[in-house]
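>>> requesting a structural model of the entry that follows:
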Amino acid sequence: MQDPGSFDSPPAPQHRPASRPTDPPPERSFSVKQFSRGYTFKVLLLGALVLLLLIPLQMIRGLVRDRRSTARQAEADIMEAWGKELAVAGPVLRIPGIRREIRSEKPEGSDLGSKLVDTPFTLMITPEKLDITAAFTTEIRRRGIFSVPLFYGDFSLSGAFNPAKAIAECPSNERLLLDQAELVIALSSQKGIRKITDQSWGGQELFFRPGSRSLSLLTETFEDAGMYALLPPLTQEETPFKISISIQGGQSVQVLPVGQDTHVEIAADWGSPSFQGAFLPVQATMSDRSFEAQWDVSYISRDIPLFWKNDVVRLGYGASLFGVSFFRAIDTYALNTRAVKYAMLFLMVPFFTLFLLEIFTKKPIHPVPYGLCGIANGIFYLLLLSISEQMPFHSAYTIAAAAVTALMTCYSRSLLPAWSKSGYMGLVLSISYVLLYAVLNAESYALLIGSIGAFAVTALVMFLTRKLDWYGTGSADRT
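This is a model prediction of the structure:
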């Protein structure tokens, strides 16, 4: 029994820890290391690489221009010895004359007086009808790796002159020397004349000499290339003529429609003609190996007068020239230039492909391999230029594209875990080069094809990266 004088001490109170307010989760602080490993940093770095690679691409573009200039110089050297681009103006009648004028003068120590002065002039008369027929054989001449299309063949001019109207319009103080009339033909180069096979005027044979008597129908300078012949005493009746020349030239042939009615026929064994100048043919027949074309031009449709005098400045009617250029269906340097213009777009394709493969395989890739891939794609354009100078463009393109695709595929295998992954790089590059080749060969639809291709690539990248954590924080839904 408990002692009543004793008592138990009350139980000690239990101390409970004071409740503390819940601490908010710590905010994630910015980390340079974390940012450098994120996808945003990688995209910015790839953009910088693309801009950096524009420097060698610009150098390749300059190289293409230099090689094109070298090729043009080689072609010019070949044609300089052969006869240049052929341009023909004529024939035109050249009739010298004397104009008697009264000129006033005031000699010293006398009253106002006058005297008669004889001034020489020249009357130029174009033919009433002009028929031109040309049949050429073409060949390719080379100097080193450069070549140029040349041609040779028969060039025939026929028709008739009737100077009666031009002579009748001369005033009474002008006297024409009809016994000194000449028939003149202007040419772009004296070297193009091989020989004259026929030269008749009203049934009489002519004798031609070199020179154009400063006719200057082709340019605004006094070129003296051509030939002229002294005619029998001229009458005011219609006189037929016929001149046949064995002639040669390079790249193009053009004629000036000096006749009141001009009819031109040109035929050659060339499968890709380009009709150029002031008038297009009214009829043209073309095949893989030859063409024939016809023109009909009236004096109403051109600015060349039917007759004029040399004291009236009428020089350089080159704007009325027309004819055909022996066009090459595939211009190597033009295609290379266009390919380099699209290099920026196609340079980003392997970058984005490797970037997406890095994301989906979760294997980090250092920026240096990205730079090497960009350099390899830049070398493609250098390979294309150098190989296309040695063989047809389509073969050179196939070799360059296959080499770069194989190189990129094998190199991607060293960066990715399996061939099945690196095979995507080869597939994407193959599609890209096929698309680029289509753009290069479809000049009229190049913009359309390129725009659709760029849209498709952008849409594909947007779809594949729609759930990507660009912040690199592990949260794909950060807002």
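>>> give me the residues contacting stretch 456-468.
39, 349, 352, 356, 359, 476 (CB atoms under 8 Å, 6 or more residues apart in numbering). (C-beta placed from N, C-alpha, C; glycine too.)
>>> extract the CA atoms of whichever strand or helix holds the fifth one and return them as PDB.
Secondary structure assigned from DSSP states H and E places residue 359 in helix 343-361. Coordinates of the C-alpha atoms in helix 343-361 are reproduced here as PDB (Å, rounded to 0.1, in the frame of the first residue of the first chain):
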ATOM      1  CA  ALA A 343      25.000  24.100-102.000                       C
ATOM      2  CA  MET A 344      23.700  26.000 -98.900                       C
ATOM      3  CA  LEU A 345      20.400  24.100 -98.900                       C
ATOM      4  CA  PHE A 346      21.900  20.600 -99.500                       C
ATOM      5  CA  LEU A 347      24.700  21.300 -97.000                       C
ATOM      6  CA  MET A 348      22.200  21.400 -94.100                       C
ATOM      7  CA  VAL A 349      20.700  18.000 -95.000                       C
ATOM      8  CA  PRO A 350      23.500  15.800 -93.700                       C
ATOM      9  CA  PHE A 351      23.900  18.000 -90.600                       C
ATOM     10  CA  PHE A 352      20.200  17.500 -89.700                       C
ATOM     11  CA  THR A 353      20.400  13.800 -90.600                       C
ATOM     12  CA  LEU A 354      23.300  13.200 -88.300                       C
ATOM     13  CA  PHE A 355      21.700  15.400 -85.600                       C
ATOM     14  CA  LEU A 356      18.500  13.300 -85.700                       C
ATOM     15  CA  LEU A 357      20.400  10.100 -85.600                       C
ATOM     16  CA  GLU A 358      22.300  11.400 -82.600                       C
ATOM     17  CA  ILE A 359      19.000  12.100 -80.800                       C
ATOM     18  CA  PHE A 360      17.300   8.800 -81.600                       C
ATOM     19  CA  THR A 361      20.400   6.600 -80.900                       C
END
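>>> tell me the first helix or strand C-terminal of the helix of greatest length in the chain.
Assignment by DSSP state H gives helix 39-82 as the longest helix of the chain. On the C-terminal side of helix 39-82, the nearest following helix or strand under DSSP H and E is strand 86-105.
>>> could you say what helices and strands the helix or strand following that following strand packs with?
Following strand 86-105 in sequence order, the next helix or strand is strand 113-125 (DSSP H and E). With contacts taken as 3 or more CB pairs under 8 Å, 6 or more residues apart in numbering; DSSP states H and E, strand 113-125 sits against strand 86-105, helix 164-168, strand 307-309.
>>> spell out for me which residue occupies the centre of the protein.
With distances taken as CA atoms, centre = their mean, the chain has residue 334 as the residue nearest its mean C-alpha position (5.8 Å).
>>> deepest in the core, which of the helices and strands packed on strand 113-125 is it.
strand 86-105 (a mean of 19; mean count of other CB atoms under 10 Å).
>>> CA atoms only for that one, dumped as PDB, please.
Once non-C-alpha atoms are left out, strand 86-105 reads as follows in PDB (Å, rounded to 0.1, in the frame of the first residue of the first chain):
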ATOM      1  CA  LEU A  86      30.000  34.100-138.600                       C
ATOM      2  CA  ALA A  87      28.000  37.200-139.400                       C
ATOM      3  CA  VAL A  88      27.100  38.300-142.900                       C
ATOM      4  CA  ALA A  89      25.700  41.500-144.200                       C
ATOM      5  CA  GLY A  90      25.000  42.100-147.800                       C
ATOM      6  CA  PRO A  91      25.400  42.300-150.700                       C
ATOM      7  CA  VAL A  92      24.900  46.000-151.000                       C
ATOM      8  CA  LEU A  93      25.500  48.300-154.100                       C
ATOM      9  CA  ARG A  94      28.000  51.000-153.500                       C
ATOM     10  CA  ILE A  95      27.900  53.800-156.100                       C
ATOM     11  CA  PRO A  96      30.200  56.800-155.700                       C
ATOM     12  CA  GLY A  97      29.000  60.200-156.700                       C
ATOM     13  CA  ILE A  98      29.800  63.900-156.700                       C
ATOM     14  CA  ARG A  99      27.600  66.600-155.200                       C
ATOM     15  CA  ARG A 100      28.100  70.100-156.600                       C
ATOM     16  CA  GLU A 101      27.100  72.800-154.100                       C
ATOM     17  CA  ILE A 102      27.300  76.600-154.000                       C
ATOM     18  CA  ARG A 103      29.100  77.900-150.900                       C
ATOM     19  CA  SER A 104      29.200  81.500-149.900                       C
ATOM     20  CA  GLU A 105      32.500  83.100-148.900                       C
END
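>>> that one versus strand 113-125: what angle between them?
Strand 86-105 and strand 113-125 are oriented at 170 degrees to each other (axes from the mean of the first three to the mean of the last three CA atoms, to 10 degrees).
>>> begin at 365 from here
All set: I'll call the first residue 365, so the last point we hit is now strand 450-469.
>>> the inter-axis angle of strand 450-469 versus helix 403-446?
Counting by the same axes, to 10 degrees, strand 450-469 lies at 70 degrees to helix 403-446.
>>> could you pull out the strands for the stretch 515-664 of the chain?
538-540, 546-551, 557-565, 568-569, 572-574, 590-594, 603-614, 616-620, 625-632, 637-641, 647-650, 655-662 (DSSP state E, counting those that start in this stretch).
>>> contacts only, for residue 709.
814, 818.
>>> one more time with 10 Å
Taking CB atoms under 10 Å, 6 or more residues apart in numbering, we find residue 709 in contact with 796, 799, 800, 803, 814, 817, 818, 821.
>>> show me what contacts the spatially closest residue to residue 600 that is not a sequence neighbour?
Closest residue in space to residue 600, ignoring its immediate chain neighbours: residue 528 at 4.2 Å, by CB to CB, 6 or more residues apart in numbering. Listed by CB under 10 Å, 6+ apart, the contact set of residue 528 reads 489, 492, 599, 600, 601, 602.
>>> pick the one among the residues you listed closest to residue 556.
Closest approach to residue 556 among those (CB to CB): residue 489, at 25.2 Å.
>>> I'm done for today, thanks for sticking with me.
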